[in-house]
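Novice: Structure here, sequence nowhere to be found:
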């Protein structure tokens, strides 16, 4: 874009860094590289831990291979965007050719750094999980402390890559381009944001398709535990935890880090001149140092109420040290009056009767406090020992409908409080501008930078979630971690659910602050473009020849509504993508249970790779539509309606985005932890009706909290960055009606076509797919007391068959605790038992007798075709 100094209409001088400032920026770059050194040390520490039994290592290896294969395919899919978009960026105006080329080059660098951050975090996460499971085997406090340390320091690697690469990239741009750095950083931030959105959407679809499919067929239909090795979707579920919650969140927070720096440097150059180009780099440099301290400070103590106490301790230690060091930096580096700022000629700024040190420090402190408040608020609504989650758990007494309703209510209520807190932070920062809009918007950007001083610890907290979840899964699949060791992993998994919810809340706050600051940059860019616009362009703009976003204009109101609507459409597309992919997983897992009856008694092995491939393929197939929506919708609005409706479009997206993202994240987190509470023994424990109700609630919440909700963060930043990049062109070509119509029509056609194409991809239902048909064969009884998965031969000696019952007209509710009594053998779906011979009161069917073309009961039970009513008796057969 043009106007890279981003001055107000009064203008400001070009920014050039002196020798001392260049040295300071070089120091920032060195500190950023030291973060990568710390990451290397953490990798060595984690990999030095024991890996447990051979069975545990084999399971972990399968997860590693699946995660690696997924990311490779995803990077190949998004490569076309990374190649084409830099070429398009070259077409957009800039002050000089060097900045234009740099913007395209650093778009690729931003995308590459985002990919590296996600890959590095995931690479260690899929190796740290088995080590956490092995460390917990002893089950005592020392084992819990060791397991937690390994899990958190595994996440610390992703945290160090996030702050290291983000800060290093920004520092290199400032060193290379100085005054032109803000324009180049637009490309850097756009590349990071776009790749993060793809990783968030793709990873979210993968993980939740596998998770929903595994839960529906495994827990609900077959009645087998979570992470049971007989479930073909189990490995894909564990792979998904890493590609979604680890790689996706690491890339998400990296782009938040990068985009916030972009906004701070753009607005800092306009508000603080030379000092505004350097001070926003000093703050995250301090964050690197305090992140290391916070990561190493996390260690559970005997008196801690839960594992969250140790994590909160590390977070708040990091936050408090950051606040103190930022105060020192502000009073040492910045001048005491606005008149003394170098490179600022705008009299509206230099004439302010205020202390820039107080403005900068106050803004950073607002960001740090906001991070702390969001952590406490989100924790209150999602922790297992808090009232809201316990209320959701209690609602399971009356069935799944009330669980879903209570979770929705919780999410809606929590969204209001989070939105008010974030709004208060934005308004507080805005007041620090003392009436000057440019300074106020810079303060908002610095609040975002302050919030991200803790990003190293925040990323560690988030990665802790999938690592602990995978550790529990590996332990359960292998059967090698029992008793107190298993309870340790259950506690860590519950803590991980809360940390994931907290980091989602903080990520939402960073997205709002970054988007608000970028909106300020958009305003400044438009003002500069209006000042340089041709007479024909100004005539075409009419009353908008001078900057205005008056809401009483129909065009502006339309832009506002469309911006909010895009958030809803994006969320709907993401959730529907999960539904389609999960449907294919359900069909595949059902088919494997049908065609491989030996799976249930461990004489046959599920095809895990098949489900991983389905999730991978579907996740990549669904990527294009959300990406095109985010990129092309702002282009269509801007060229069709103008810069003012485009500005309102961004405002609508920010407002709707924060509410929707918090609602989806917190409701999903509450459902997840309500399920955990029941699985710990509340309301009858695993296998009870309350457990089934919370499993259904968790299944609804999965795409909420791990797909649609998190993806809204990069969505609103991508749309802001696209708007920032095209702002100059929207003003410049206001009088070129054929160009505007052509661009608008092309963008709309592509978006609508992508949506229609997406909706037409219905679930491919093959033979035996969908709702299983009626059972037409008698299920073979398996005696009670036989081990889970016992064959009919092993159990037939204890089972006595009796005469068949009359054909059942309706399915009978199944028994709890993974067993079925004689009269409770029930097919899945809506199938009716017709003439099957129930066994004696001690006979059980594993989970549900499943019909998918052929009736199948547990224990490799083969049914026989029923005779007419008079001869319908079937005899139990040994195999």
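Specialist: Nice, I can see it. In this text the structure is predicted, and so the values were computed from the model without any measurement.

Novice: Show the contacting residues for the one residue sitting closest to the centre of the chain.
Specialist: Closest to where the C-alpha atoms of the chain average out (Cα atoms, centre = their mean) is residue 710, at 3.9 Å. The neighbours of residue 710, taking Cβ atoms under 8 Å, 6 or more residues apart in numbering as the test, are 200, 204, 248, 249, 252, 504, 507, 661, 665. In this view, the C-beta of every residue, glycine as well, is placed from N, C-alpha and C.

Novice: so it is in which element?
Specialist: Here residue 710, judged by DSSP states H and E, is contained in helix 709-732.

Novice: Same check on residue 345?
Specialist: Since the elements are taken from DSSP H and E, residue 345 ends up inside neither a helix nor a strand.

Novice: Can you name the next helix or strand after the longest helix seen in the chain?
Specialist: Longest helix in the chain by number of residues (criterion: DSSP state H): helix 484-532. Scanning forward in sequence from helix 484-532 by DSSP H and E, the next helix or strand is helix 535-541.

Novice: Give me the below-cutoff pLDDT ranges for this structure.
Specialist: Scanning the chain for pLDDT under 70 picks out the ranges 1-19, 226, 302, 304-306, 761-879.

Novice: picking up where we left off before, of the contacts of residue 710, which belong to helices?
Specialist: Taking DSSP H, the ones among those that sit in helices are 200, 204, 248, 249, 252, 504, 507, 661, 665.

Novice: got a list of what the nearest residue to the second one once chain neighbours are set aside touches?
Specialist: Right, the one you point to is residue 204. Residue nearest to residue 204 in three dimensions, not counting chain neighbours: residue 707, with 3.2 Å by Cβ to Cβ, 6 or more residues apart in numbering. Going by Cβ under 8 Å, 6+ apart, residue 707 touches 201, 204, 205, 207, 208, 244, 574, 575, 577, 578.

Novice: who's in contact with the third one?
Specialist: Looking back up the chat, that one is residue 205. 574, 577, 578, 581, 615, 618, 619, 622, 707.

Novice: For it, which non-adjacent residue is closest in space?
Specialist: Excluding its sequence neighbours, the residue lying closest to residue 205 (Cβ to Cβ, 6+ apart) is residue 619, at 4.3 Å.

Novice: Next, report how far stretch 314-324 is displaced from the centre of its chain.
Specialist: Remark: stretch 314-324 is offset 25 Å from the chain centroid, using Cα atoms, centre = their mean, to the nearest Å.

Novice: for stretch 274-292, same thing?
Specialist: Computed by Cα atoms, centre = their mean, the chain-centroid distance of stretch 274-292 equals 26 Å.

Novice: Equivalent analysis for stretch 615-628, please.
Specialist: With Cα atoms, centre = their mean, you get 15 Å for stretch 615-628.

Novice: And the furthest pair within the ones in helices among the contacts of residue 710?
Specialist: Spatial extent of the ones in helices among the contacts of residue 710 (Cβ to Cβ) is set by the pair 248 and 661 at 14.2 Å.

Novice: thinking again about what came up before, pick the one among the contacts of residue 707 closest to residue 466.
Specialist: residue 244 (7.7 Å).

Novice: I figured that closest one was touching residue 210, is that so?
Specialist: No. Using Cβ atoms under 8 Å as the test, residue 244 is too far from residue 210 to be in contact (9.4 Å).

Novice: quick one, which of those two is more surrounded?
Specialist: Higher neighbour count among residue 244 and residue 210: residue 210, with 34 against 29, using other Cβ atoms under 10 Å.

Novice: Am I right that that one sits in a helix?
Specialist: Yes. When DSSP: H, G, I helix; E, B strand; the rest coil is applied, residue 210 is found to be in a helix.

Novice: Please tell me how far the residue nearest to residue 204 sits from residue 247.
Specialist: 14 Å (Cβ to Cβ, to the nearest Å).

Novice: Then residue 505?
Specialist: 20 Å.

Novice: Residue 555 too?
Specialist: 40 Å.

Novice: before we move on, the earlier item: redo the ones in helices among the contacts of residue 710 as JSON lines? Include distance to residue 142.
Specialist: Shown next, in JSON lines, are these (distance: Cβ to Cβ, whole Å):
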{"residue": "200", "distance to residue 142": "37"}
{"residue": "204", "distance to residue 142": "36"}
{"residue": "248", "distance to residue 142": "33"}
{"residue": "249", "distance to residue 142": "30"}
{"residue": "252", "distance to residue 142": "34"}
{"residue": "504", "distance to residue 142": "32"}
{"residue": "507", "distance to residue 142": "33"}
{"residue": "661", "distance to residue 142": "39"}
{"residue": "665", "distance to residue 142": "34"}
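
Novice: Quick one, which of these are buried?
Specialist: 200, 204, 248, 249, 252, 504, 507, 661, 665 (16 or more other Cβ atoms under 10 Å).

Novice: Relative to residue 71, which of these is nearest.
Specialist: For those, the nearest to residue 71 is residue 248 (10.5 Å; Cβ to Cβ).

Novice: tell me the contacts of the nearest residue to the closest one once chain neighbours are set aside?
Specialist: Spatially, and ignoring its direct neighbours in sequence, residue 248 is nearest to residue 203 (3.7 Å; Cβ to Cβ, 6+ apart). Neighbour list for residue 203: 74, 240, 243, 244, 245, 247, 248, 619 [criterion: Cβ under 8 Å, 6+ apart].

Novice: Which secondary structure state does the second one sit in?
Specialist: Here residue 240 is helix, with the state taken from three-state DSSP.

Novice: Count the residues that sit near it.
Specialist: 33.

Novice: and it, what does it touch?
Specialist: Contact analysis of residue 240 by Cβ under 8 Å, 6+ apart lists 203, 206, 207, 208, 209, 210, 211, 615.

Novice: so the second one, which of the three states?
Specialist: Okay, so that is residue 206. Residue 206 ends up helix, using three-state DSSP.

Novice: Look up the closest residue to it, ignoring the ones flanking it.
Specialist: With Cβ to Cβ, 6+ apart, the residue lying closest to residue 206 is residue 619, at 4.1 Å.

Novice: Give me the neighbour count for that neighbour.
Specialist: 30.

Novice: Next, give phi and psi for it.
Specialist: Per-residue torsions, residue 619: phi -60, psi -40 (degrees, to the nearest 10).

Novice: who's in contact with it?
Specialist: Here residue 619 is in contact with 70, 74, 202, 203, 205, 206, 209, 581 (Cβ under 8 Å, 6+ apart).

Novice: and the gap between the fourth one and residue 683?
Specialist: Yep, that's residue 203 we're talking about. Applying Cβ to Cβ, the value for residue 203 to residue 683 is 32 Å.

Novice: can you check the second one too?
Specialist: Distance from residue 74 to residue 683, counting by Cβ to Cβ: 40 Å.
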